[in-house]
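Chemist: Predicted coordinates and the sequence they were generated for:
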Amino acid sequence: MTASVSDLTDHLGFWLRQVSNHVSQAFARRLADQGVTVAEWAVMRVMFDEAPMAPSRLADRMGLTRGAVTRLADRLVAKGLLLREASAEDGRAQTLVLTAPARDLVPRLAALADANDAACFAHLAPADRAALDRILKDTAARLGATAVAID
């Protein structure tokens, strides 16, 4: 007797990955035109509302390692989008601050994110979009998926 083997397309995870890859890659292309990566955008977007911020706080906020945040910060500093400043409370500690060009860029990048979302999901009826949003958020919460997806 031969055991039944499910097909790749029999799994919700397969379809979720198909859609996720398309949406993410389309957004990455839009961001590349602006000279930033998805990971850099995520850092800037988090910091837009919460800066200045200690690197350790940013790592905790995004669910990333401190090493990953250091590498991302280095890239953003090199691009003139982030500054490292001595902490007002402890001169040995550093805080990260978005530069003025970065603060100007974030709303434009957010508009690209909105446009990408619209391009990928505009075909959904409002109720279907709301249901998908609810299902994905509920599933992420149940799985404990709290880290900001950057790749």
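Modeler: Received the coordinates, thanks.
Chemist: what's near enough to touch residue 151?
Modeler: Residue 151 makes contacts with 38-39, as judged by Cβ atoms under 8 Å, 6 or more residues apart in numbering. All C-beta spots, glycine's among them, are computed from the backbone N, C-alpha and C.
Chemist: so what pLDDT did it get?
Modeler: At residue 151, the model reports a pLDDT of 72.
Chemist: Look up how far residue 104 lies from it.
Modeler: Distance from residue 151 to residue 104, counting by Cβ to Cβ, to the nearest Å: 26 Å.
Chemist: pLDDT at the most centrally placed residue in the chain, what is it?
Modeler: By Cα atoms, centre = their mean, the chain has its centre lying nearest to residue 42, at 4.0 Å. Per-residue pLDDT puts residue 42 at 96.
Chemist: Next: the one 5 residues further on.
Modeler: In this prediction, residue 47 carries a pLDDT score of 95.
Chemist: show me what contacts it?
Modeler: 53, 58, 82, 96-98.
Chemist: Give me the residues contacting the least confident helix or strand in the chain by mean pLDDT.
Modeler: Sorted by mean pLDDT, DSSP states H and E, the helices and strands of the chain end with strand 82-86, the least confident at a mean of 91. Contact partners of strand 82-86, identified using Cβ under 8 Å, 6+ apart, comprise 43-44, 47, 52, 73, 76-77, 92-99, 102.
Chemist: What is the burial count for residue 10?
Modeler: The local packing of residue 10 (other Cβ atoms under 10 Å) involves 10 other residues.
Chemist: ugh, wrong one, residue 77
Modeler: 14.
Chemist: what helix or strand does it sit in?
Modeler: Using DSSP states H and E, residue 77 falls within helix 66-78.
Chemist: and that helix, what other elements does it pack with?
Modeler: Here helix 66-78 touches helix 38-50, helix 55-62, strand 82-86, going by 3 or more Cβ pairs under 8 Å, 6 or more residues apart in numbering; DSSP states H and E.
Chemist: Distance from the chain centre to the longest one, please.
Modeler: Right, helix 38-50. Taking Cα atoms, centre = their mean, to the nearest Å, the mean C-alpha location of helix 38-50 is offset from the chain mean by 8 Å.
Chemist: Buried residues in it, which are they?
Modeler: Within helix 38-50, the residues that count as buried by 16 or more other Cβ atoms under 10 Å are 38-48.
Chemist: Can you give me every residue that contacts the closest residue to residue 58 other than its chain neighbours?
Modeler: Closest residue to residue 58 apart from its sequence neighbours, by Cβ to Cβ, 6 or more residues apart in numbering: residue 69 at 5.2 Å. Neighbour list for residue 69: 43, 55, 58-59, 62 [criterion: Cβ under 8 Å, 6+ apart].
Chemist: That's all I had, so thanks and see you.
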